[in-house]
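1. need coordinates for the following:
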Amino acid sequence: MVGGGVTAQAPWWAAGSVVALWLFREVWTALLARRKDRTETDANVDLLNGLIQRVKSLEESQAQTTMKLTEEIKLRMTAQEQAHRLRLRIMSLEAAMRGVGAVIPPEDPVESA
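-> Below is the predicted model of the structure:
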């Protein structure tokens with residue numbers, strides 16, 4: 001019974017077409033997955049670029065606000081220094097006037113807002 005058994009073989013072209021179909025399916029799946037990954041990557045890059053622009057605009061806004069606050073602080077300090085100098089000058093003038101006999105009424109207390 002050597003070689004006498006019944007063997008059922010598929011034709012070679014059927015096996016080749018199954019392999020070719022399998023390869024085509026794998027390649028097609030890989031291409032679709034790559035296209036999907038590429039789309040997601042592009043969307044992520046766009047999102048990051050948008051976030052970077054937003055952070056830059058927020059940093060610029062913060063820098064402008066900081067500059068405005070610094071300028072306001074300087075102006076307030078200058079005004080306080082001038083007010084202090086004026087108070088000292090008034091006190092010295094009142095002392096000089098009292099020295100020559102003038103009567104100066106007491107100052108009303110200043111109410112803070």
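2. run through this protein and note the low-pLDDT ranges.
-> Segments of the chain classed as low confidence (criterion: pLDDT under 70) are 1-8, 10, 109-113.
3. and with 80 instead?
-> Applying pLDDT under 80 to the chain flags residues 1-15, 31-40, 106-113.
4. okay, helices next: where are they in it?
-> Taking DSSP state H to define them, one finds helices in the chain at 12-99.
5. and Trp94, how many neighbours?
-> No Trp there; residue 94 is Glu. Residues lying near Glu94 (other CB atoms under 10 Å) number 13. C-beta: built from backbone N, CA, C; applies to glycine.
6. so it touches Ile104, yeah?
-> Yes. Glu94 lies in contact with Ile104 (CB atoms under 8 Å); the separation is 5.2 Å.
7. can you count the residues close to Met67?
-> Using other CB under 10 Å, Met67 has 10 other residues around it.
8. measure it to Ser61 for me?
-> Counting by CB to CB, to the nearest Å, the gap from Met67 to Ser61 is 11 Å.
9. dump stretch 19-29 to PDB, keeping only the CA atoms.
-> Provided in PDB are the C-alpha atoms of stretch 19-29 (Å, rounded to 0.1, in the frame of the first residue of the first chain):
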ATOM      1  CA  VAL A  19      -2.400  33.200   0.500                       C
ATOM      2  CA  ALA A  20      -2.700  36.200  -1.800                       C
ATOM      3  CA  LEU A  21      -6.100  37.100  -0.400                       C
ATOM      4  CA  TRP A  22      -4.700  36.800   3.100                       C
ATOM      5  CA  LEU A  23      -1.700  39.000   2.200                       C
ATOM      6  CA  PHE A  24      -3.900  41.600   0.600                       C
ATOM      7  CA  ARG A  25      -6.200  41.700   3.600                       C
ATOM      8  CA  GLU A  26      -3.200  42.100   6.000                       C
ATOM      9  CA  VAL A  27      -1.700  44.900   3.800                       C
ATOM     10  CA  TRP A  28      -5.100  46.600   3.500                       C
ATOM     11  CA  THR A  29      -5.600  46.500   7.300                       C
END
